[in-house]
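Student: The sequence and its predicted three-dimensional model are supplied below.
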Amino acid sequence: MISALIASEDKIRPYVAWKSVKRLISDPTRTEEVFIIIDALKGNSVKRAVDRLSKGEEGRALLLEKPSIVNELSNLEFSSGNSLGSFYREFIHSESISAKELINESKVSTYIPYKTLDERWMGERLRDIHDLFHVVTRYGRDELGELCLLAYTNTLHFNRGIALILFMGRRQYRRDHPHIPIDACLGEARILAKNSAWLPGVWWEKKLHLPIDNVRESLGLADPSIYFKTRSKIEQGLYG
């Protein structure tokens, strides 16, 4: 597997990723290792995202303007309690997180050889909209929800690093919780992603003030019903 990765297209570093995987397994609280893994195995994934974005009129405008989603998310003042921005603000307050925390954690990886400004902006944007994806997809930050969101986002935009984290996380989850239908939840996430808009290419800054239900409907985002039912049973202790 490692030799195949080395022979593939784009400056990936499987040994660095594997060392981080082992550190993450030994101490799951070391979330900074996630960014090292993603960075080490990303290959040309960011370039592919830029290429896809550049094929549409709005995408080209996004690349030209390069808006900062972090600035928008850090200065949320929304009058409507039903807006996407209001739901995001409530989410980060309830979870005691912020977009800037992701930025700080990602700085542990110093190998980010972006070839163009477009790639740098896109790579940083993919990182910065992670928690916004939690809000619009309705996947929580519980262990199951995080795995489902990884399956969802990696279906939209494949990254070897995320695929490896998802593989390891799924395997560990099945060991720890053998009676919980993790595969059904992940399968649902992939199907929902295939039926939705390409979320990495959305001009999110223009949607934060809109009603969240309208945003979700316009992007083809359906509720993850299997995840909801499974999480409810977990919270009720029905899996033993």
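Tutor: Great, that's in hand.
Student: how about the residue positioned nearest the centre of the chain, phi and psi?
Tutor: Of all residues in the chain, the one closest to the mean position by Cα atoms, centre = their mean is H130, 4.3 Å from it. Main-chain dihedrals, H130, degrees, to the nearest 10: phi -60, psi -50.
Student: In the longest helix belonging to the chain, which residues are buried?
Tutor: Using DSSP state H, we find that the single longest helix of the chain is helix 160-176. Across helix 160-176, burial judged by 16 or more other Cβ atoms under 10 Å covers 160-162, 164-166, 169-170, 173. Any C-beta I mention is one placed from the backbone N, CA and C, and that applies to glycine too.
Student: Closest to W203 out of those residues?
Tutor: The shortest approach to W203 among those belongs to I162, at 23.1 Å (Cβ to Cβ).
Student: For that closest one, which non-adjacent residue is spatially closest?
Tutor: For I162, ignoring the flanking residues on the chain, the nearest one in space by Cβ to Cβ, 6 or more residues apart in numbering is N154 at 4.7 Å.
Student: repeat for R48
Tutor: Nearest one to R48, counting by Cβ to Cβ, 6+ apart, is H157 at 7.7 Å.
Student: G201 against S54, yeah?
Tutor: No - judged on Cβ atoms under 8 Å, G201 makes no contact with S54 at a distance of 9.9 Å.
Student: which residues does E205 contact?
Tutor: Residues in contact with E205, defined by Cβ atoms under 8 Å, 6 or more residues apart in numbering, are 67, 69, 72.
Student: Now the buried members of the residues you listed.
Tutor: With neighbours counted by 16+ other Cβ under 10 Å, the contacts of E205 contain buried members at 69, 72.
Student: Between the contacts of E205, which sits nearest D223?
Tutor: Taking Cβ to Cβ as the measure, D223 lies nearest I69 of the contacts of E205, at 24.2 Å.
Student: Only the buried residues of the host helix or strand of E58, if you could.
Tutor: Using DSSP states H and E, the element containing E58 is helix 57-65. Buried residues in helix 57-65, counted by 16+ other Cβ under 10 Å: 59, 62-63.
Student: elements contacting that helix?
Tutor: Identification of packing neighbours for helix 57-65 by 3 or more Cβ pairs under 8 Å, 6 or more residues apart in numbering; DSSP states H and E yields helix 45-53, helix 117-128.
Student: Can you show me the CA trace of it as PDB?
Tutor: The C-alpha coordinates for helix 57-65 follow below in PDB (Å, rounded to 0.1, in the frame of the first residue of the first chain):
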ATOM      1  CA  GLU A  57     -19.100  31.400 -13.600                       C
ATOM      2  CA  GLU A  58     -19.600  31.800  -9.800                       C
ATOM      3  CA  GLY A  59     -16.600  29.600  -9.100                       C
ATOM      4  CA  ARG A  60     -14.400  31.800 -11.200                       C
ATOM      5  CA  ALA A  61     -15.800  34.900  -9.400                       C
ATOM      6  CA  LEU A  62     -15.000  33.200  -6.100                       C
ATOM      7  CA  LEU A  63     -11.400  32.500  -7.200                       C
ATOM      8  CA  LEU A  64     -11.000  36.100  -8.300                       C
ATOM      9  CA  GLU A  65     -12.400  37.700  -5.100                       C
END
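Student: immediately after it, which helix or strand?
Tutor: Next in line after helix 57-65, if elements are assigned by DSSP H and E, sits helix 69-74.
Student: so where's the chain uncertain?
Tutor: 1-10, 28-29, 31, 76-80, 98-113, 240 (pLDDT under 70).
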